[in-house]
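S.K.: the sequence and its predicted three-dimensional model are supplied below.
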Amino acid sequence: MKIPQQPPSFQDVLAETTALLQQPELLARVHTAGHPHWDKLRRQPQPEGITATAAWGVLKFMRSMRATVTPLVDTTGRPFTWTNDAELSPGLHQIDLWGGGHIGVSEPVLDVESKSQYYLSSLITEAITSSQLEGASTTREVAQDMLLTKRLPRDLSERMIFNNFRTMQRIGELKDEPLSAALVFEIHRIVTEETLAKPDAAGRLRRADEDIAVVDNDGQILHQPPPAEQLARRMEQLCRFANGETPKGFLHPVLRAVVVHFWLAWDHPFVDGNGRTARALFYWSMLRSRYWLFDYISISEVILSAPAKYGRAFLLTETDDNDLTYFMLYHLDVILKALENLRTFIADKTASLRSLDGLLRTAADRFNHRQRELLTHALRHPSQVYTIAEHQARQQVVYQTARTDLLGLDEAGLLVKSTAGNKLVFRPIAKLEAHLRRLGAHAG
């Protein structure tokens, strides 16, 4: 990964900046929109008479006037700050509207059964994609089958995903608990169980002989975390911040959650599993602040679509005087995309349910809501194989109910029953939609 170019110090651009500040006609032409890093601004054309260094000095001066100091400091004691730029407010407003309120969905997808399925789907997606960010290579289909059928993991990648799934379940149980070092250690222990070269490193801070660095695939050092002797104190400060004890005054809960994510990842207090633990703490913080919709979204799915941007957001902050605004803007964009994914998912789900209900409107009494959902899925995935155990897990029903559902669809001529090993499997018939239309027409 290419490290962003270090910006010139304010002292280095002071003369040019001072001269520009004394020329109102030129100062008004400086582009102040957005929150560009020096690495981007230096490549942008500037108005005539304005150098890139002078423009950078003006931006830094204006940001310093609006900077908010956080309790997070680097290893030299220099604090991390953020600037209340105009770009932050719209994103925070949208998250407030969507994440803690109403996302605009219809009643058929808000019933208890559907909510439990969305929750399970979100946990699975986050477990898989968060692990894939850290190198897990198992396919989504195999991992999903493992989690739905409650099969034990077979290799390291599956174990990472299995652990992440358990972690996200545990986060839901811990959302009303204040953060403590013991709780962070518990989360890390679940995240890393049976995945570490040194098993005793799970659930404890790294030691002095375990100091590590964050490197890219070429071995280039991207970040040098704090030394081991600072970690206990820093963990205590992180917990106080996460619990709202610091700083004094109001800090938007979304920004607090984002800083918690950054803080744990920046400190890198464990020998491994830091990223997964940091993202888990982000969910804990959001759910603790009553953003209930975060039970149903996956930020790691969005991050995984462009992982380089995730790493770069950390680097932009670290290379520009610990300016957290870069990471905040990146993270808000991730959240908004994750919420939009949920909106799209729900819209598709609603359309599918309506389509299936239309096909079955004259024979609706023959199929329950679980069978209708399976048929909806089968219409979109004609090669899908269904098992009783998977249907049971997805629908959260007892085995006999799941078995009755699938056998009923087999008897109706919509699924084809066969055996694989010692278990029954069911596949959609060819031209399922046409058959459903005929079935509906015949019933009418």
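M.R.: Perfect, thanks for sending it. This structure is a prediction, so every number in the text was calculated from the model and none was measured. Numbering: from 1, shown residues only.
S.K.: identify the bridge partners of Lys417.
M.R.: For Lys417, the beta-bridge assignment (DSSP bridges) gives partners Phe426.
S.K.: all strands for the stretch 301-444 of the chain, in order.
M.R.: According to DSSP state E, counting those that start in this stretch, the stretch 301-444 of the chain carries its strands in the segments 386-387, 415-420, 423-428.
S.K.: which stretch among the ones you listed approaches Arg233 most closely?
M.R.: Each of those was scored for nearness to Arg233 using Cβ to Cβ, and the closest is strand 386-387 (51.0 Å). In short, each C-beta sits where N, CA and C put it, glycine included.
S.K.: could you single out the most deeply buried of the strands of the stretch 301-444 of the chain?
M.R.: Among the strands of the stretch 301-444 of the chain, the stretch with the highest mean neighbour count (mean count of other Cβ atoms under 10 Å) is strand 386-387, at a mean of 20.
S.K.: now stretch 64-81: buried residues?
M.R.: Across stretch 64-81, burial judged by 16 or more other Cβ atoms under 10 Å covers Ala67, Thr68, Thr70, Leu72, Val73, Phe80, Thr81.
S.K.: got a markdown table for these, with secondary structure and pLDDT too?
M.R.: Converted to a markdown table, the buried residues of stretch 64-81 look like this (DSSP: H, G, I helix; E, B strand; the rest coil; pLDDT from 0 to 100):
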| residue | secondary structure | pLDDT |
| --- | --- | --- |
| Ala67 | strand | 94 |
| Thr68 | strand | 95 |
| Thr70 | strand | 97 |
| Leu72 | strand | 98 |
| Val73 | strand | 98 |
| Phe80 | strand | 98 |
| Thr81 | strand | 97 |
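S.K.: and of these, the nearest to Phe314?
M.R.: Phe80 (11.5 Å).
S.K.: how far out from the middle of the chain is the longest helix anywhere in the chain?
M.R.: With DSSP state H setting the assignment, residue counts place helix 325-359 as the longest helix in the chain. In terms of Cα atoms, centre = their mean, to the nearest Å, the centre of helix 325-359 is found 13 Å from the chain centre.
S.K.: rounded mean pLDDT for that helix, please.
M.R.: Taken as a whole, helix 325-359 has an average pLDDT of 85.
S.K.: which secondary structure elements does it sit against?
M.R.: If contacts are counted by 3 or more Cβ pairs under 8 Å, 6 or more residues apart in numbering; DSSP states H and E, helix 325-359 sits against strand 79-83, helix 88-99, helix 112-133, helix 253-267, helix 299-305, helix 307-319, helix 369-380, helix 432-443.
S.K.: and the fifth one, average pLDDT?
M.R.: To tie it back to what came earlier, the one meant is helix 299-305. Model confidence over helix 299-305, given as mean pLDDT, is 97.
S.K.: what's that helix packed up against?
M.R.: The contact analysis (3+ Cβ pairs under 8 Å, 6+ apart) places helix 299-305 against helix 112-133, helix 274-288, helix 325-359.
S.K.: what residues sit buried inside the shortest one?
M.R.: Yep, that's helix 274-288 we're talking about. 274-288.
S.K.: where does the stretch 1-150 of the chain dip in pLDDT?
M.R.: For the stretch 1-150 of the chain, the stretches flagged by pLDDT under 70 are 32, 101-115, 117.
S.K.: quickly list the domain ranges of the chain.
M.R.: As recorded under automatic domain parsing, the domains making up the chain are 10-65, 79-344, 366-443.
S.K.: one step back: deepest-packed of the helices and strands packed on helix 325-359, please.
M.R.: The densest packing among these, expressed as mean neighbour count by mean count of other Cβ under 10 Å, is seen in helix 253-267 with a mean of 23.
S.K.: what lies in contact with that helix?
M.R.: 70, 72, 80, 82, 88, 92, 95-96, 99, 184, 223, 225-226, 231, 234-235, 238, 241-242, 244, 274-275, 277-279, 281-282, 285-286, 289, 291, 314, 317-318, 324, 327-328, 331-332, 335 (Cβ atoms under 8 Å, 6 or more residues apart in numbering).
S.K.: and for stretch 42-50?
M.R.: Gln5, Leu20, Leu26, Arg29, Val30, His31, Pro36, Ala52, Ala55, Trp56.
S.K.: can you check stretch 189-206 too?
M.R.: Under the criterion Cβ under 8 Å, 6+ apart, external residues in contact with stretch 189-206 comprise 156, 159-160, 163-164, 166-167, 170, 185-186, 188, 210, 212, 228, 231-232, 235, 268-273, 276-277, 280.
S.K.: what does stretch 10-29 give?
M.R.: With contact meaning Cβ under 8 Å, 6+ apart, stretch 10-29 is reached by 30, 47, 49-51, 53-58, 60-61.
S.K.: repeat that with 10 Å
M.R.: Contacts made with stretch 10-29 from outside it, assessed by Cβ atoms under 10 Å, 6 or more residues apart in numbering, are listed as 7-8, 30, 46-61, 64, 321.
S.K.: those residues in helices, which ones?
M.R.: Within the contacts of stretch 10-29, membership in helices is found for Ala52, Thr53, Ala54, Ala55, Trp56, Gly57, Val58, Leu59, Lys60, Phe61, Ser64, as judged by DSSP H.
S.K.: follow-up on the earlier one: for the longest helix of the chain, which positions count as buried?
M.R.: Applying a neighbour-count criterion of 16+ other Cβ under 10 Å, the buried positions in helix 325-359 are 325-332, 334-339, 341-342, 345-346, 349-350, 352-353, 356, 359.
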